[in-house]
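Colleague: Here you go, sequence then predicted model.
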Amino acid sequence: MRDARGLGPSGRPKPISSLQNDRIKAIRALDMRKVRRETGLFAAEGASVLISAREAGWRPEIVLFEPNGAESPAVRGLVSEALQAGVEVLEVTPAVLAKVASKENPQAVLGVFKQRWSEAPDTKDVAKHCLWLALEEVRDPGNLGTIIRTVDAVGAAGIVLVGNCCDAYARDCIRATMGSVFSVPLVRMTREEFVGWRAGWTGDVVGLHLGGVQDFREVRYREPVLVVMGSEGPGLSDELMQACSRKVKIPMAGNLDSLNLAVATALTLYQIRGAHLSL
């Protein structure tokens with residue numbers, strides 16, 4: 001008889017072929033924000049993403065895999081490590097995987113993890129060369145995931161999500177991070193909390209805005225830097241604009257007056273962090 005953790009004798013994976021299995025239904029339910037909020041869990045797909053989680057010190061609650069995918073050394077290694085660590089491991093049929101994994105390019109292995117939310121750092125303790133990013137009411141999970149990946153790439157310290165943002169642990173967001181969600185600290189604040197926290201910031205607080213008068217490439221930023229970006233449509237609220245010590249703008253030669261949020265954020269972060277990056 002198999003034990004309650006889903007492992008059979010000798011710690012082998014539990015085979016599951018029914019979509020009515022309670023574990024499978026629970027994992028599928030993580031597509032709903034309400035369920036993610038209630039359980040504090042989220043799903044991440046793909047061997048490379050799960051390897052990123054492992055390297056960042058995250059341990060899954062559940063690992064689900066399809067046996068044909070286990071022909072990959074990476075998947076075999078992840079399953080073996082999970083079994084050795086006492087993690088619940090589920091071996092599923094292709095039909096079950098097709099319902100649990102993403103509809104486009106489904107992966108052969110999936111992990112369920114506990115969400116992690118960080119506390120905002122004490123502004124007096126932020127290192128001089130640090131850069132933090134604040135996002136106000138970002139709504140698109142794909143944009144947020146891409147931004148998390150960019151923050152990881154430039155070595156920024158973390159992200160503050162201000163106000164009513166989309167869920168950082170939504171499937172689309174996790175996929176867009178390509179594993180960087182396991183390396184980038186995420187903080188949640190209301191506008192009021194952010195304004196109070198920002199008051200102690202010792203360097204520049206930089207807001208990107210169409211009304212900015214400074215070319216973002218020509219500013220000497222006073223470190224540590226806090227970059228503040230607004231939502232995809234309205235941009236920064238008046239409250240957060242007033243909290244910025246600098247208002248800058250990305251110059252454009254075409255007929256457009258704005259860029260995609262993820263693109264604008266990437267340009268800004270690379271401009272500010274460029275001196276700290278090397279091949």
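Modeller: On my side now, so go ahead. Since the model is a prediction, treat every value here as computed from it, not as a measurement.
Colleague: which residues sit against stretch 88-108?
Modeller: 5-7, 13-19, 21, 23-24, 27-28, 43, 45-47, 49, 61-70, 72, 75, 79, 82-83, 110, 171, 175 (C-beta atoms under 8 Å, 6 or more residues apart in numbering). In this view, the C-beta of every residue, glycine as well, is placed from N, C-alpha and C.
Colleague: in that stretch, what's buried?
Modeller: Using 16 or more other C-beta atoms under 10 Å as the test for burial, stretch 88-108 gives 88-92, 96-97, 100-102, 106-108.
Colleague: cool, stretch 127-139 as well?
Modeller: Neighbour-count burial for stretch 127-139, counted by 16+ other C-beta under 10 Å, picks out Cys130, Leu131, Trp132, Leu133, Ala134, Leu135, Glu136, Glu137, Val138.
Colleague: Output it as CSV - backbone C-alpha positions only.
Modeller: The C-alpha trace of stretch 127-139 is given here as CSV (Å, rounded to 0.1, in the frame of the first residue of the first chain):
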residue,chain,number,x,y,z
ALA,A,127,24.0,49.3,0.0
LYS,A,128,25.2,52.2,-2.0
HIS,A,129,25.4,50.4,-5.3
CYS,A,130,22.0,48.7,-5.0
LEU,A,131,19.1,49.3,-7.3
TRP,A,132,15.5,48.5,-6.4
LEU,A,133,12.5,48.7,-8.7
ALA,A,134,9.0,49.6,-7.8
LEU,A,135,6.0,48.8,-10.1
GLU,A,136,2.7,50.5,-9.5
GLU,A,137,-0.4,48.5,-10.4
VAL,A,138,1.3,46.5,-13.2
ARG,A,139,-1.6,44.5,-14.7
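Colleague: Tell me which residues touch the residue nearest to the spatial centre of the chain, please.
Modeller: The geometric centre of the chain, computed from its C-alpha atoms, lies nearest to Val181 (C-alpha atoms, centre = their mean), at 3.5 Å. Going by C-beta under 8 Å, 6+ apart, Val181 touches Ala44, Gly145, Ile148, Ala168, Tyr169, Cys173, Ile174.
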